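Colleague: Got a sequence here, can you model it:
(one chain, ligands or ions: 1)
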Amino acid sequence: MRIIRTTQALRTWQRRHDPLRGSIGLVPTMGALHGGHRALIRHARRTCGTVVVSIFVNPLQFGPAEDYRRYPRDLSRDLACCREENVDLVFLPKAETLYPHDFQTTVAVGALSQRWEGEHRPTHFQGVTTVVTKLLNLVRPDRAFLGQKDYQQYCVIRQLVKDLDLDLRITLCPTVRDADGFALSSRNRYVTNTQRQRALALYQALAAGKQAIAGGTRRADLVEKKMVKVLDAGHGLAIDYLRCCDARSLEPLTRLRGTVVLLGAIRVGGVRFIDNLIVRIR
Ligand code: PAF
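Modeller: Next comes the predicted model:
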């Protein structure tokens with residue numbers, strides 16, 4: 001497994017990449033790799049000849065009061081994971097490498113990145129789309145693999161790829177969950193057991209919403225009411241949003257039809273949790 005730290009070395013690697021070695025698949029990550037990342041890497045491994053994983057805690061996507069400094073970092077474990085999963089190349093830039101002192105460009109997607117997470121984290125998505133544009137330009141992958149856990153991020157990146165005519169396919173891979181349904185996330189490393197136990201209610205609420213739709217409910221307000229009831233706001237738990245949305249535009253729905261995404265974000269004792277479920281209505 002090769003490790004590259006500079007943009008120059010990556011460009012050279014890219015230019016010399018032999019097309020006979022098959023397509024290039026990119027799994028962009030911020031490290032602290034877990035089962036969800038492994039699933040993305042395995043998907044890439046099955047479908048691409050060359051698998052690249054980028055590990056970069058991107059300062060641009062953290063707000064001033066967010067956890068950039070505290071974000072879990074565990075490089076030796078991450079590299080061991082990449083070796084185990086047969087990754088061909090790990091791109092491991094430093095912040096100064098991607099953002100030299102005179103860096104002054106940002107890439108921002110419009111309406112799609114302003115709602116839901118965008119309302120609560122106003123500069124988040126432009127940090128994501130800026131770094132993802134750079135990574136895609138450097139690695140030039142044929143495919144990139146993203147997890148459903150960050151469903152809005154997937155929608156925003158898909159829009160970026162479409163709007164800027166980037167020549168690659170974005171693949172969404174299902175959220176990996178613990179046995180009780182709790183979605184895996186790098187941030188789970190600093191969540192206490194009590195917080196986890198309370199936050200599990202988010203998944204349970206979404207699952208109840210999905211069940212209500214399966215049972216024939218087509219009014220979004222009724223499904224949302226059901227989800228809020230399961231979540232039982234209170235007990236130090238606050239709801240940022242819990243809505244039925246169109247899976248493509250992420251606009252809130254009144255009448256449910258087509259592909260619907262149930263999107264939720266809550267705060268438990270100062271920690272934010274997001275999750276979602278997709279429901280296809282025939
Ligand atoms: O999902 C993540 O880990 C990050 O937002 C990404 C896509 C690697 C960009 O920094």
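
Colleague: The closest residue to residue 256 other than its chain neighbours: neighbouring residues, count only.
Modeller: Nearest in space to residue 256, with sequence neighbours left out and distances taken as CB to CB, 6 or more residues apart in numbering, is residue 218 at 4.8 Å. Just so you know, the C-beta spots here come from the backbone N, C-alpha and C atoms, and that holds for glycine as well. Neighbour count for residue 218, taken as other CB atoms under 10 Å: 16.

Colleague: quick one, what contacts residue 218?
Modeller: Residue 218 makes contact with 255-257, 281, according to CB atoms under 8 Å, 6 or more residues apart in numbering.

Colleague: Next, the buried residues of stretch 195-210.
Modeller: The neighbour-count check on stretch 195-210 (16 or more other CB atoms under 10 Å) flags 195-196, 198-210 as buried.

Colleague: Not counting its own residues, what contacts it?
Modeller: Contacts for stretch 195-210 (CB under 8 Å, 6+ apart): 177, 180-183, 188, 191, 223-224, 226-228, 230-232, 235-237, 242, 244, 262, 264, 266, 268-269, 271, 273, 275-277, 279.

Colleague: cool, and stretch 241-259?
Modeller: Contacts with stretch 241-259, where a contact means CB under 8 Å, 6+ apart, come from 112, 115-116, 119, 152, 155, 205, 209, 213, 217-221, 223-224, 227-228, 231, 260-266, 278-281.

Colleague: and with 6 Å instead?
Modeller: The set of residues external to stretch 241-259 that reach it, using CB atoms under 6 Å, 6 or more residues apart in numbering, is 116, 155, 218, 220, 223, 227, 260-265, 278, 280-281.

Colleague: how far away is the residue in the chain sticking out farthest from the centre from residue 261?
Modeller: For the chain, the largest distance from the centre (CA atoms, centre = their mean) belongs to residue 20, which lies 30.6 Å off. Distance of residue 20 to residue 261, computed by CB to CB, to the nearest Å: 39 Å.

Colleague: now swap in residue 197 and tell me
Modeller: Separation of residue 197 from residue 261 (CB to CB) stands at 25 Å.

Colleague: Which elements pack onto the helix or strand hosting residue 276?
Modeller: In this assignment (DSSP states H and E), residue 276 forms part of strand 271-280. If you count contacts as 3 or more CB pairs under 6 Å, 6 or more residues apart in numbering; DSSP states H and E, strand 271-280 packs onto helix 193-214, strand 259-268.
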